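Asker: 3D model of this:
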Amino acid sequence: MKLRQAFLASCALLALGGFAQAADTKLTIATVNNGDMVRMQKLTDDFTKANPGISLEWVTLEENDLRQKVTKDISTKGGAFDVLTIGMYEAPIWGAKGWLVELNGLDDPKDFLPANTNGLSANGKLYAAPFYGESSMIMYRKDLMDKAGLKMADGPNWTDVRAAAKAMTDRATGVNGICLRGKAGWGENMAFLTAMSNAFGARWFDEKWHAQFDQPEWKNTLNFYIDMMKESGPAGASGNGFSENLALMQSGKCGMWIDATVAASFVSDPKASQVADKMAYALAPDMGMGKRSNWLWAWALAIPAGTQKADAAQKFVGWATSKHYTELVAMKEGWANVPPGTRTSLYANPEYMKVPFAKMTLDSMNAADPNNSTVKPKPAPGVQFVAIPEFAGIATKVGELFSAALAGQMKVDDALAQAQTYTTDAMTKAGYIK
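Answerer: Numbers count the residues shown, from 1 in each chain. Here you go, the predicted structure:
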């Protein structure tokens with residue numbers, strides 16, 4: 001009898017242990033290795049203390065790798081992740097396909113900037129919550145501009161930027177006048193070059209989906225970019241993306257960097273940047289055609305439809321994109337380091353508006369119009385991308401060609417010709433060109 005009671009007691013304990021183990025939910029989160037995301041990981045004790053039944057496992061990847069792994073996993077229903085870091089390109093396409101969970105329980109979603117909610121929704125439903133929003137702008141060394149006897153306009157043109165870059169370049173001291181993305185990738189060099197091409201009057205497609213790389217506007221864009229980088233850019237620029245250029249800027253090796261507005265907090269952080277006290281900001285350049293070279297993007301958190309942990313994932317996404325999280329970062333790191341470009345209330349906060357780049361970030365985001373980013377009409381929305389499923393694959397190939405041209409491995413005319421042929425073939429096979 002005692003043996004039987006002991007056996008039953010041990011079974012009960014095992015059952016309780018199994019229940020406790022089952023109650024502990026582990027979320028696997030795929031994210032990009034950008035500074036704001038790394039900072040979030042350091043602050044997640046705030047979340048786990050409030051949600052003791054949930055633990056977090058991070059998969060932190062470089063931008064190109066993240067996109068590749070996340071896209072493969074969700075399209076094959078692999079189920080490797082419970083929370084994804086995606087952006088304005090993927091969210092509406094994947095949401096419309098039913099690949100993402102509609103978000104609910106977020107902290108005051110009406111407070112998100114309209115540019116974010118519009119770009120992360122499909123069919124009136126929000127499928128990703130903005131962790132930070134961004135455009136692009138000029139970040140430059142005012143000390144080097146002063147030394148060159150120049151003054152940066154609040155909204156300069158590309159000719160002025162090129163002249164300033166040349167004047168600031170000092171190869172003997174290792175200072176490059178300008179640092180720009182050259183690493184191949186639809187979200188790396190092609191994000192920058194597509195935004196730049198808008199100012200030069202170029203577009204990816206005409207209204208009937210015919211590729212436009214055989215047009216003079218693209219030739220003007222690519223020649224200008226490559227010639228300027230030869231004059232004033234760093235060695236090995238074809239291998240530099242966001243992270244590499246950030247490191248160059250922080251170490252004082254760049255006079256000017258045109259990239260994501262979110263980078264301003266890192267180049268102006270005295271703990272990380274040798275030139276923090278020398279930084280100034282301006283709108284992305286134009287070419288006198290009424291369009292600037294600034295993009296519109298939000299790194300956002302989404303939940304794949306295949307997860308078995310949607311409730312826990314909703315809690316995490318709600319925490320990471322909340323006003324509470326913003327206040328947590330401000331308390332721990334200062335207002336300059338809170339995730340920018342997400343909420344209307346942030347830009348109504350007088351403490352935040354004291355941050356030197358706050359207004360320029362908002363102005364840059366407001367200047368980007370996904371529906372009217374090109375001089376000539378276009379067939380689909382998007383500023384630095386075209387909002388169709390096929391774009392990522394096509395732009396990855398085109399990015400490789402343009403990166404090779406920057407590296408001197410092929411001529412500009414050859415890169416454009418191959419881009420035209422490849423894009424035309426892909427769009428024909430996809431049924432866009434009849």
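Asker: Burial check on the residue nearest to residue 223 when sequence neighbours are not counted, number of neighbours?
Answerer: Residue nearest to residue 223 in three dimensions, not counting chain neighbours: residue 412, with 5.6 Å by CB to CB, 6 or more residues apart in numbering. No exception for glycine: its C-beta is placed from N, CA and C like everyone else's. By other CB atoms under 10 Å, 19 other residues sit near residue 412.
Asker: For residue 412, give me its contacts.
Answerer: Shown in contact with residue 412 (CB atoms under 8 Å, 6 or more residues apart in numbering): 219, 222-223, 226, 405.
Asker: Quick check: pLDDT value at it.
Answerer: For residue 412, the pLDDT comes out at 98.
Asker: what about it, distance to residue 246?
Answerer: 27 Å (CB to CB, to the nearest Å).
Asker: What of residue 288?
Answerer: Remark: distance between residue 288 and residue 246 (CB to CB) = 30 Å.
Asker: Neighbour count: those two, which is higher?
Answerer: Between residue 288 and residue 246, residue 246 has the larger neighbour count (other CB under 10 Å), namely 24 against 10.
Asker: Next up, the contacts around that one.
Answerer: Residue 246 neighbours (CB under 8 Å, 6+ apart): 35, 257, 259, 263, 266-267.
Asker: again, only this time at 7 Å
Answerer: Listed by CB atoms under 7 Å, 6 or more residues apart in numbering, the contact set of residue 246 reads 263, 266.
Asker: May I ask which helix or strand encompasses it?
Answerer: helix 242-250 (DSSP states H and E).
Asker: where exactly do the strands run in the stretch 251-400 of the chain?
Answerer: Here the stretch 251-400 of the chain has its strands, by DSSP state E, counting those that start in this stretch, at 256-260, 279-283, 297-302.
Asker: list the contacts for residue 72?
Answerer: Going by CB under 7 Å, 6+ apart, residue 72 touches no other residue.
Asker: so how far is whichever helix or strand it is part of off the chain centroid?
Answerer: Residue 72 belongs to helix 63-75 when assigned by DSSP H and E. Distance of helix 63-75 from its chain centroid, counting by CA atoms, centre = their mean, to the nearest Å, is 14 Å.
Asker: What mean pLDDT does it get?
Answerer: 93.
Asker: how far off helix 242-250 does it point, in degrees?
Answerer: 150 degrees (axes from the mean of the first three to the mean of the last three CA atoms, to 10 degrees).
Asker: buried residues in helix 63-75?
Answerer: Judged by neighbour count using 16 or more other CB atoms under 10 Å, the buried positions of helix 63-75 are 63-64, 66-67, 69-71, 73-74.
Asker: Let's have those in a markdown table, adding distance to residue 105.
Answerer: Converted to a markdown table, the buried residues of helix 63-75 look like this (distance: CB to CB, whole Å):
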| residue | distance to residue 105 |
| --- | --- |
| 63 | 29 |
| 64 | 32 |
| 66 | 25 |
| 67 | 27 |
| 69 | 27 |
| 70 | 23 |
| 71 | 26 |
| 73 | 24 |
| 74 | 22 |
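Asker: wait, which of those residues is closest to residue 173?
Answerer: Comparing the buried residues of helix 63-75 against residue 173 with CB to CB places residue 63 closest, at 30.1 Å.
Asker: Could I get the full set of strands for the stretch 1-150 of the chain?
Answerer: Under the criterion DSSP E, counting those that start in this stretch, the stretch 1-150 of the chain contains strands at 25-32, 54-61, 83-86, 121-122, 125-126, 129-134, 136-141.
Asker: if we can go back for a sec, ok and the helix holding residue 246 relative to strand 136-141, angle-wise?
Answerer: Here helix 242-250 runs at an angle of 30 degrees relative to strand 136-141 (the same axes, to 10 degrees).
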